[in-house]
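Engineer: below are the sequence and a predicted model; questions follow.
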Amino acid sequence: MNRIARKTAALAFAAAAALFAAPAGAATDVTWTATPLTASSTSIRTDGTLKYAYARGNYTANGVAFTGVGDKIVNTADCVVWEASGGAGTSGATAPDDTDAGGYKDLLEHPWWASAKGRKVQLKNLEAGKTYLLQIVAFRQDYTTQTATAPDGVAIIHYGGTDWEYGGSLICQFTAEATTEEFTISYSGQALINAIQVRELPPDEPAEKPAVITVK
């Protein structure tokens, strides 16, 4: 191979590597799990220290205080969920009778939904190098065939139905590379979310990793 050919090949390889490389600032050591919620408010995670938590109303579940942001899709100085609010709406849900009363049941019964198939979750005010836990809660009893899928394409939750009677939560543990991180959740049917929280984890105490639950 002559010098020009070698140089051309090297440039092509470099361009391909740049195309498929992780974007600058992308979170590292990302671990996703899909977990069915239960009747107990202990389904709301309490690892580490709360960074921020949002829901449609002011609810406290398992000691975690969720700040209400009303009927609009979450969009605050800390967190943007579903950056395009077009086509979004709200409607009530009915949690099973044995669901813990109070904040947890209220949280499950107040979801947001949108018709888009994929929505970004943007987390702000993070510190590079620190480890965080992200929990996304989703429940609506009549959306039994619809799902939310984590960016890894493996962790999948249902909003209701067999084995998911209380909905599910997508949980992500990651190391921040920048002050802002983004994740895109994919949906079949309606995009839906009830609450979101971010917790800072001690550097020597990673969060417990629940098993990935796969329901076909």
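Structural biologist: It's in.

Engineer: centre-most residue in the protein?
Structural biologist: Closest residue to the average C-alpha location of the chain: Ile136 at 4.0 Å, with CA atoms, centre = their mean.

Engineer: residues contacting that residue?
Structural biologist: Val121, Ala148, Ser169, Leu170, Ile171, Ile185, Ile193, Ala195, Ile196 (CB atoms under 8 Å, 6 or more residues apart in numbering). Where you see a C-beta, it was placed from the backbone N, CA and C, and this is true even at glycine.

Engineer: repeat that with 6 Å
Structural biologist: Applying CB atoms under 6 Å, 6 or more residues apart in numbering to Ile136 gives the contacts Leu170, Ile196.

Engineer: that one and Leu123: what is the separation?
Structural biologist: 11 Å (CB to CB, to the nearest Å).

Engineer: before we move on, the earlier item: what is the subsequent helix or strand relative to whichever strand or helix holds the residue nearest to the centre of the chain?
Structural biologist: Counting by DSSP states H and E, the element that carries Ile136 is strand 131-138. Moving toward the C-terminus from strand 131-138, the next helix or strand (DSSP H and E) is strand 147-149.

Engineer: what pairs with that following strand, and is each one parallel or antiparallel?
Structural biologist: Next to strand 147-149 in the sheet, as set by DSSP bridges, lie strand 156-158 (antiparallel), strand 181-188 (antiparallel).

Engineer: this protein: helices as residue ranges?
Structural biologist: In the chain, the helices defined using DSSP state H lie at 3-20, 103-108.

Engineer: still on that earlier bit, let me know the pLDDT of the residue nearest to the centre of the chain.
Structural biologist: Listed pLDDT for Ile136 reads 97.

Engineer: kindly report the same for Ala14.
Structural biologist: For Ala14, the pLDDT comes out at 37.

Engineer: do Lys216 as well
Structural biologist: Here the pLDDT value assigned to Lys216 is 44.

Engineer: who touches stretch 46-63?
Structural biologist: 41-42, 44, 64, 66-69, 74, 78, 103-104, 106-107, 110, 133, 195-201, 207.

Engineer: narrow the residues you listed to those that are buried.
Structural biologist: 41, 44, 64, 66-67, 69, 74, 78, 103-104, 106-107, 110, 133, 195-201, 207 (16 or more other CB atoms under 10 Å).

Engineer: pull the distance from stretch 142-161 to the chain's centre.
Structural biologist: The chain centre lies 12 Å from the centre of stretch 142-161; the measure is CA atoms, centre = their mean, to the nearest Å.

Engineer: could you pull out the buried residues of that stretch?
Structural biologist: Under the neighbour-count criterion of 16+ other CB under 10 Å, stretch 142-161 has 143, 146-151, 155-161 buried.

Engineer: for Ala138, give the beta-bridge partners.
Structural biologist: Per DSSP bridges, the residues bridged to Ala138 are Gly168.

Engineer: for the remainder of this discussion, apply numbering that starts at 58.
Structural biologist: Sure thing, new numbering starts at 58, so read that last one as Ala195.
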